[in-house]
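**Q** structure for the following, please:
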Amino acid sequence: MNKAIFLDRDGVINSDKGHYYIYRVEDFKINEGIVESLQKFQENNFLLIIISNQGGISKGIYTKKNVEEVHDYLKNNLKKQNVELTEIYYCPHHSSNEKCLCRKPDTLMLEKAIARFNIDISSSFLIGDGERDIEAGKKIGLQTIKINANENISKYCKKIINY
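**A** The predicted structure follows:
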């Protein structure tokens with residue numbers, strides 16, 4: 001079985017300062033400490049999986065194409081730093097418009113990743129900056145770490161790696 005680090009996107013991977021929705025490459029700024037933290041996790045055999053609500057798609061604020069462009073930009077930047085994301089899952093729905101099982105705090109995105117990549121939840125973690133992130137992780141049995149929005153996550157690396 002594999003171990004994984006599940007990460008929320010906006011506010012964890014990238015800064016969401018000044019923007020509620022991040023859907024343009026020019027607004028996408030990787031948070032301090034992310035690259036180094038992902039490198040350390042990867043060196044310690046963790047799969048790296050992003051789990052993100054992208055409700056702006058459902059609201060018509062941006063498109064799936066916008067989200068994919070941002071994700072390609074992120075993957076290309078990380079690849080230059082020798083970091084390979086295992087997968088990015090995102091929910092395009094919003095609770096104001098439709099019901100779904102994938103939008104956090106529901107767990108369908110996590111369930112898909114766990115099944116697809118044979119993940120051992122007892123040795124895996126979810127890092128998020130919102131209550132919905134933490135609630136989703138706890139529902140599925142992951143160990144969770146709630147950070148402040150845009151916080152440098154490096155200080156949690158050693159704790160996770162030595163767990």
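
**Q** what segments of this structure are helices?
**A** 34-43, 64-80, 108-116, 131-140, 154-161 (DSSP state H).

**Q** buried ones in the fourth one, by neighbour count?
**A** This points to helix 131-140. Within helix 131-140, the residues that count as buried by 16 or more other Cβ atoms under 10 Å are Asp133, Ile134, Glu135, Ala136, Gly137, Ile140. Backbone N, C-alpha and C define where each C-beta goes, glycine included.

**Q** now those in CSV, with distance to Ile30 and pLDDT?
**A** Output for these, formatted as CSV (distance: Cβ to Cβ, whole Å; pLDDT from 0 to 100):
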residue, distance to Ile30, pLDDT
Asp133, 18, 97
Ile134, 22, 98
Glu135, 26, 98
Ala136, 23, 98
Gly137, 22, 98
Ile140, 26, 96
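
**Q** mean pLDDT for the helices of the chain: which is lowest?
**A** Note on those: helix 154-161 shows the lowest mean pLDDT, a mean of 92.

**Q** for the chain, what's the longest strand?
**A** Counting residues, the longest strand in the chain under DSSP state E turns out to be strand 46-53.

**Q** how much space between Ser37 and Phe6?
**A** 13 Å (Cβ to Cβ, to the nearest Å).

**Q** quick revisit: for Glu111, state which of the buried residues of helix 131-140 is nearest.
**A** Checking the buried residues of helix 131-140 against Glu111 by Cβ to Cβ gives Ile140 as the nearest, at 6.9 Å.

**Q** give me the phi and psi for the spatially most distant residue from the centre of the chain.
**A** Taking Cα atoms, centre = their mean, the residue of the chain most remote from its mean C-alpha position is Asn97, at 22.9 Å. Dihedral pair for Asn97: phi -110, psi -30, per degrees, to the nearest 10.
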